[in-house]
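Kindly return the folded structure for what I paste below:
(2 chains)
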2 protein chains.
Amino acid sequence: MALRISFDDMVAEFTRVLIKKGFAADAAAESARLFAENSADGIYSHGVLRFPRVIEYIDKGYIDPKASAVKVDGSGAFERWDGKLGMGNLNASRAMDRAIELAREYGIGCVAMRNTNHWMRGGTFGWQAANAGCVGICWTNTQPNMPAWGARDRRIGNNPLIFAVPRKEGPLVADLAMAQFSYGKMEDCKLKGQMLPVPGGYDTQGNISCDPAEIEKTWRVLPIGYWKGSSLSILMDLIATVLSGGNSVYQVGKLGSDEYALSQVLIAIDAEGIAGNAFISSAINEVIGDIKASEKVTEGSEIFYPGEIEKRTREDNLRNGIPVDEGVWARIRAM
Amino acid sequence: MALRISFDDMVAEFTRVLIKKGFAADAAAESARLFAENSADGIYSHGVLRFPRVIEYIDKGYIDPKASAVKVDGSGAFERWDGKLGMGNLNASRAMDRAIELAREYGIGCVAMRNTNHWMRGGTFGWQAANAGCVGICWTNTQPNMPAWGARDRRIGNNPLIFAVPRKEGPLVADLAMAQFSYGKMEDCKLKGQMLPVPGGYDTQGNISCDPAEIEKTWRVLPIGYWKGSSLSILMDLIATVLSGGNSVYQVGKLGSDEYALSQVLIAIDAEGIAGNAFISSAINEVIGDIKASEKVTEGSEIFYPGEIEKRTREDNLRNGIPVDEGVWARIRAM
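Below is the predicted model of the structure:
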C-alpha cells in the first residue's frame, strides 16, 4: 500500500537517520532535502527507494558521513575537487555550487570531482544550476553495467548526462542515462509481467527484445542509440577520469560489486548574465509552443518539455504528499 | 566507379572552386582542407559529397564567402560570436580555436556562435580540440528534421553532439547526431534494397521499423534512445539559442527549406594542462584495453574505440587516395 508522506516529514525522517549515522546536523538536513526532492519530483528510484542502500553503504564504510569535498587543484574557471568519499548528493551539490560561482566570475565554470559517491538523481544538479540562472551540464561515471557496442559483457557505464537551461517560468532539464532502461525499470516490468515500451536489450537468440525476462538472461542491455550511446558513455567516462584524476568505470569495477569512488564533471554557464531573463523566456517559450503544437501520435495526448512531468509531479506531491511504499517507509522509520 | 584522389589534389580542387566563388586564398585553402579531411576520414557525406550543395548555398547567397565570424560580446572564459553567415566549417574552426585559447588561459573556454552555417562534420572540431590537448565538447542546431517524442511531424533538430578527449597516441572522438540515422544513410539503404541494421523510424502502422522505404512514408525518424534523444535535442537547441542569441531550430525552420543561420556552442577544457600527457595516456589506454578485451558478439570481431575507424580510414586514404564517385568528382572539376 502507498502512503503519502509530506515533504517536510520525509526530510525530517531522513535527517534523523543521517544524524544517527554520523552526519553533522546541517549536512544531514541538506542531504535529506535532496533525497526528498527526488521523490517529490517522482524520481522515486533515487529518493526513498534508494535511501536504505545509501545507509547500507554508510555502514559498509563506502560513504564517510564526516567527509566533504575539497578543492585540490586548478585555477581560473576550472577546479579539481576530491570528494573524500563523502555523501554523493552533498558532494555534487557543493561542486555545482562552486561551478556556478565560477560561472558568475568567468562566464563558464567547471569542477571535476574524484572519489565521490553516487549522486542519486543527476537531474538534481541540472535543476540546481538552472535555478541559479545557469546552463548546467554534468555527468558521472558508474560501475560497469552495460556492454560496449559489439560486446556481450558489461564493461562500460550507463553514465548519466544532464543538460539544463534556466527559465523564469521554470527550468528545462534533460537527464539521461546511456542505458535505454535502468535495471530497476526492467525489474519492475518483469515483476508486473509487462513488456518494455521499446527494446531494452538482447534475448538469448541475439535479437533486440522488449521482454525484460529475456534480457535478464543475457544482461546485454542496450545503450541509447546503440553504437552512439556506447561511444558517448566511453567519452564521458574518459573525460571525467582525466579531468578529475579519479577512477574510470574500469577502476570502479575493480573495487568490487559495490559502486563507490566515482568521477564526475559539473559545468555551469551564466546564461542569465549572458542573455538576460527576458530573451531566455521568449526564445524558450517560442520553441516549447511550437513543439507542443506538434501533430500527436496519440490523439488527445500532450507533448511534454524535458522536466515538465517532474514539475507537475512535484506540485502534486508537495500538495498531497509523496507516495511511499508502506513497507519501505516502515523500514526507514525503524532505522 | 570510384576514383581514388590524393588528399593534396582534393584540397587543391576544392580551393580552386572556393576561390572562384569569392573566397580569399587562405580561407579557401583552409575550408578546402577541412572538407578533404572529412572525406579522408571516411565521412564522405560531409566531404566531397556535400561540397556541391555548399557551392549551391554560396550561389544562393546563404553562405557569404567574404564573411567571417567576429566576437560580439562576452568576457572571461565565455564569448559570444556572430558567424556573419560565413562558411560553416571555417567559422566553427575559428570558434573552437578561440575556445582553446580561452581554455589555456582559464582552464575552460566557451564560444557560442549565432548566424553561422552547417559545419559539415561536427567531429572535425572535436578532433581540433583534442589535437590541441583539450577536451572538446560542441554541438550545433539544425533545421527541424525529426519529430519530438510523441509527435508525428518534424519540429526538432538532429543536433549533433561531439565529445572528444586528447591522447598522445591519437584522440578519441564521439560524434553523434540525435537521429538514429541520417537521411543520407536511409536513402543509401533504400537504393540498395537493404534494411537498416537497427530500427530507424516508424512505418505507417505505427510500428518501429528497419525498412527505409517504410520510414520514408511517415518521416517519423527515431531519435536515439527514443524520448531521451528527443529531450537532449531540445536542450541542446535551447542552450545554443540562449547562449548565442541566435536562431532556434524553430526559427531556422521559418527561414524556409534550406538550412542556414544556425547556432552552435563550442567548449574546450585544457586537459593536458590539467592532467598531463602521461596520466591521460595511461588512464585512457587502460580503459580501451579493457573494452577491447570484451567478449565479442561476433566471434573474431573487434571492438573499436570512438574515432578508431576514422583514424584507420584516414591512414588508408592518405596512403592510397580518397575514394570518390567519378560522376561527383567530374561535377566538381567542372565547377
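
Please count neighbours and contacts with C-alpha atoms only from this point.
OK.

Off-centre distance for stretch A:79-89?
Counting by C-alpha atoms, centre = their mean, to the nearest Å, stretch A:79-89 is centred 16 Å from the centre of its parent chain.

That stretch: end-to-end distance?
From its first residue to its last, stretch A:79-89 covers 19 Å (C-alpha to C-alpha, to the nearest Å).

List of residues touching that stretch?
Contact with stretch A:79-89 is made by A:31, A:34, A:62-74, A:91, A:95, A:110-120, A:243-244, A:260-261, as judged by C-alpha atoms under 8 Å, 6 or more residues apart in numbering or on different chains.

Out of the residues you listed, which end up buried?
By neighbour count, with 16 or more other C-alpha atoms under 10 Å in any protein chain shown, the contacts of stretch A:79-89 hold A:31, A:34, A:62-65, A:68-69, A:74, A:91, A:95, A:110-120, A:243-244, A:260-261 as buried.

among those residues, which are in helices?
Judged by DSSP state H, helices contain the following of the buried ones among the contacts of stretch A:79-89: A:31, A:34, A:91, A:95, A:243-244.

tell me the contacts of residue A:115?
When contacts are counted by C-alpha under 8 Å, 6+ apart, residue A:115 touches A:82-85, A:246-247, A:260-263.

Same list, these, but as TSV with distance to residue B:40 and pLDDT please.
Conversion of these to TSV gives the following (distance: C-alpha to C-alpha, whole Å; pLDDT from 0 to 100):
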residue	distance to residue B:40	pLDDT
A:82	42	98
A:83	43	98
A:84	46	98
A:85	46	98
A:246	35	98
A:247	35	98
A:260	42	98
A:261	41	98
A:262	38	98
A:263	35	98
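
Would you reformat those as JSON lines and include distance to residue A:281?
Shown next, in JSON lines, are the contacts of residue A:115 (distance: C-alpha to C-alpha, whole Å):
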{"residue": "A:82", "distance to residue A:281": "36"}
{"residue": "A:83", "distance to residue A:281": "35"}
{"residue": "A:84", "distance to residue A:281": "39"}
{"residue": "A:85", "distance to residue A:281": "39"}
{"residue": "A:246", "distance to residue A:281": "38"}
{"residue": "A:247", "distance to residue A:281": "39"}
{"residue": "A:260", "distance to residue A:281": "39"}
{"residue": "A:261", "distance to residue A:281": "39"}
{"residue": "A:262", "distance to residue A:281": "36"}
{"residue": "A:263", "distance to residue A:281": "34"}
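
Might you specify the subset of the residues you listed located within strands?
When DSSP state E is applied, the contacts of residue A:115 are split such that A:82, A:262-263 fall in strands.

among these, who's most crowded?
With neighbours defined as other C-alpha atoms under 10 Å in any protein chain shown, the most crowded of the ones in strands among the contacts of residue A:115 is residue A:263; it has 34 neighbours.

I figured residue A:104 was touching residue A:270, is that so?
Yes - the pair formed by residue A:104 and residue A:270 meets the contact definition of C-alpha atoms under 8 Å, at 5.9 Å.

between those two, who's got more neighbours?
For residue A:104 and residue A:270, the more surrounded residue by other C-alpha under 10 Å is residue A:270, and the numbers stand at 29 against 22.

Neighbours of the closest residue to the more buried one other than its chain neighbours, how many?
In this structure, residue A:270 finds its nearest non-sequential neighbour in residue A:134, 4.6 Å apart by C-alpha to C-alpha, 6 or more residues apart in numbering or on different chains. Burial of residue A:134 is recorded as 30 neighbouring residues (other C-alpha under 10 Å).

give me every residue that touches residue A:134.
By C-alpha under 8 Å, 6+ apart, the neighbours of residue A:134 are A:100, A:103, A:165-166, A:268-272.

how about a cut-off of 7 Å?
Counting by C-alpha atoms under 7 Å, 6 or more residues apart in numbering or on different chains, residue A:134 makes contact with A:165-166, A:268-272.

Compare those and tell me which is most surrounded.
Among the contacts of residue A:134, residue A:268 has more neighbours than the rest - 33 neighbours, counting by other C-alpha under 10 Å.

Next up, identify which helix or strand it is on.
Take DSSP states H and E as the rule and residue A:268 turns out to sit in strand A:262-269.

what pLDDT, on average, does the helix or strand just after that strand get?
Sequence-wise, the next helix or strand downstream of strand A:262-269 (DSSP H and E) is helix A:271-275. Computed over helix A:271-275, the mean pLDDT rounds to 97.

Does helix A:271-275 reach chain B?
Yes - using C-alpha under 7 Å from any C-alpha of the partner chain, helix A:271-275 reaches chain B at A:271, A:274-275.

helices or strands next to that helix in the packing?
Contacts defined by 3 or more C-alpha pairs under 7 Å, 6 or more residues apart in numbering or on different chains; DSSP states H and E place helix A:271-275 against helix B:227-244.

any residues touching the following helix or strand past the helix it packs on, and which ones?
As assigned by DSSP H and E, the chain's next helix or strand after helix B:227-244 is helix B:249-254. Helix B:249-254 is contacted from outside by A:287, B:141-144, B:155-157, B:237, B:259-262, using C-alpha under 7 Å, 6+ apart.

Give me every residue in the stretch 201-335 of chain A lying close to chain B.
Contact residues, the stretch 201-335 of chain A versus chain B (C-alpha under 7 Å from any C-alpha): A:224-225, A:228, A:231-232, A:235, A:238-239, A:242-243, A:245, A:250, A:271, A:274-275, A:280, A:284, A:287, A:291, A:294-297, A:303, A:306.
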